[in-house]
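Peer 1: Return a 3D structure for these sequence lines:
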Amino acid sequence: MGKHKKTRLTISLFFLVFLSLLSFSGTLNHALAADNTPGQQVTGDQGSAIDPEALAILKKATDYLTGLAQFRLKGYKEEDAVQESGQKFQFSASFDVCLKRPNRLFVTRMEDDGIIRRLWYDGKTASMYDEGEKVYGQLQVPDTIDSMLDYLETVVESPLPLADLLYNDLSHLAERARSGMYLGISFVQNSACDHLAFRGESVDCQICIDRGEKPFIRKIVITYKDLNGEPQLSAHLEEWDLEPQLSDTLFQFSPPEGARRIKVVGLKRRDSKEGGAQ
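Peer 2: Have a look, this model is predicted:
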């Protein structure tokens, strides 16, 4: 059997440690047509329709998330890989994210082939380790999660998947939501969720948010319309732990025995006028 492309939607091997969700914050750009009997809507900067109910639900969820001092998140993602023939294969990966504001982050990601990749951020250094290749890379980075994520996106040009859900400030998500609609109630993991949909020029996005006292984001679906075959990526955010035991040593990297260090090359910094990973 010939080799098939298992194409990932990320750029650098050493940043394949989150979900493969690129450009989440930059996708809410254009109008998504409502149903045949739309409710009252407001108008964004470009004249596109926004369902105010969808915007309010999104803001409630992001305000809640940024108000958490720390959390541990477990889940999995499923991602299409479009072949030259047009056939789609689907691959998956599980992830475990530990975050402690303002400047601690640890991520473990296991691919469906069993390969594990990890990222440590201790407020000074971002360290990435690939257990399959037994190699690691390190970068000196800024001293907050927000500025570190911006640095990796603008200097290394490797936006961290799902990065927009990790920022201390998520106001840009609601501010950029120039189009969107409320689809109703959908059940995810036996939880009743508000189902939102947003549309952009190149990417469509759906978000399911728990309707309970804690508005957790439970599911995200991304459709990449500009890519061949319009592949989709679906992320299921299954376990939210708001009282994890996160010691400082968890975020500190020590090279495993036999691991080989390789150089991570940064590019010339380019200005970014918008917050969040692009």
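Peer 1: For the residue nearest to N168 when sequence neighbours are not counted, which three-state class applies?
Peer 2: Excluding the flanking residues, the one nearest N168 by CB to CB, 6 or more residues apart in numbering is D146, at 5.3 Å. Glycine gets a C-beta too; all of them are placed from N, C-alpha and C. Taking DSSP: H, G, I helix; E, B strand; the rest coil as the rule, one finds D146 in the helix state.
Peer 1: Next one: D146 from S186, what distance?
Peer 2: For D146, the distance to S186 (CB to CB, to the nearest Å) stands at 31 Å.
Peer 1: So those two - more neighbours on which side?
Peer 2: Shown here are D146 and S186; by other CB atoms under 10 Å, D146 has more neighbours (19 against 16).
Peer 1: Isn't that one up against A163?
Peer 2: No. The pair D146 and A163 fails to qualify as a contact (CB atoms under 8 Å) at a distance of 9.6 Å.
Peer 1: show me where the stretch 101-250 of the chain has strands.
Peer 2: Using DSSP state E, counting those that start in this stretch, the strands of the stretch 101-250 of the chain run over 104-111, 116-121, 125-130, 135-140, 181-188, 191-199, 203-210, 217-224, 232-241.
Peer 1: can those strands go into CSV with extra columns for distance to A81 and mean pLDDT?
Peer 2: Shown next, in CSV, are the strands of the stretch 101-250 of the chain (distance: least, CB to CB, whole Å; pLDDT from 0 to 100):
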stretch, distance to A81, mean pLDDT
strand 104-111, 12, 93
strand 116-121, 18, 94
strand 125-130, 19, 94
strand 135-140, 23, 93
strand 181-188, 24, 97
strand 191-199, 24, 94
strand 203-210, 17, 91
strand 217-224, 12, 93
strand 232-241, 10, 94
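Peer 1: Go through those strands and name the closest to F71.
Peer 2: Evaluated with CB to CB, the strands of the stretch 101-250 of the chain place strand 232-241 nearest to F71, the distance being 6.2 Å.
Peer 1: mind checking the SS state of S85?
Peer 2: S85 - assigned by three-state DSSP - is coil.
Peer 1: Tell me how many other residues crowd it.
Peer 2: A count of nearby residues for S85, using other CB under 10 Å, gives 8.
Peer 1: gap between it and D113?
Peer 2: 22 Å.
Peer 1: Same check on K263?
Peer 2: For K263 relative to D113 (CB to CB), the value is 26 Å.
Peer 1: ok, and for the helix of greatest length in the chain, which residues are buried?
Peer 2: Counting by DSSP state H, the longest helix found in the chain is helix 52-66. The neighbour-count check on helix 52-66 (16 or more other CB atoms under 10 Å) flags 53-55, 57-59, 61-62, 64-65 as buried.
Peer 1: How far off centre is that helix?
Peer 2: Relative to its chain's centre, helix 52-66 lies at 17 Å (CA atoms, centre = their mean, to the nearest Å).
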